[in-house]
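**Student:** quick one: sequence plus predicted model below, questions after.
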Amino acid sequence: MTGNLYGKMIHFLEKKRLSQLSVSFQRNGNEREGSRALMEQNRRKLASRCSQSGWKFRG
């Protein structure tokens, strides 16, 4: 009984997370069309920050 409820909760959360992801993907797509240069700038900033802290950033 509790296992079934747990499974339903997990399923609900996954569905919710997926819908949030698709919304953020759509938003990112719109931004990419509008301001590609700004995103490139942010990506460089992130890459330099990652390399400073020792992380390898591939993008």
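**Tutor:** That came through, no problem. Fair warning: this is a prediction, and the values are worked out from it, not measured in the lab. Residues are numbered from 1 along each chain as shown.
**Student:** switch to C-alpha atoms for all contacts and neighbour counts from now on
**Tutor:** Will do.
**Student:** show me where this structure has helices.
**Tutor:** Taking DSSP state H as the criterion, the chain carries its helices at 2-34, 36-52.
**Student:** for the record, mean pLDDT for the first one?
**Tutor:** In this model, helix 2-34 has a mean pLDDT of 73.
**Student:** with stretch 41-59 instead?
**Tutor:** So the average pLDDT for stretch 41-59 ends up being 68.
**Student:** please begin residue numbering at 42 from this point
**Tutor:** From this message on, residue numbering opens at 42, which makes the last subject stretch 82-100.
**Student:** how many other residues sit next to residue 52?
**Tutor:** For residue 52, the count of nearby residues is 12 (other Cα atoms under 10 Å).
**Student:** and if you look at residue 62?
**Tutor:** Residue 62 - counted by other Cα under 10 Å - has 12 other residues nearby.
**Student:** same question for residue 88.
**Tutor:** Other residues close to residue 88 by other Cα under 10 Å number 17.
**Student:** over to residue 63?
**Tutor:** By other Cα under 10 Å, the residues close to residue 63 number 11.
**Student:** same check on residue 45?
**Tutor:** 9.
**Student:** measure it to residue 52 for me?
**Tutor:** Between residue 45 and residue 52 the computed distance is 10 Å (Cα to Cα, to the nearest Å).
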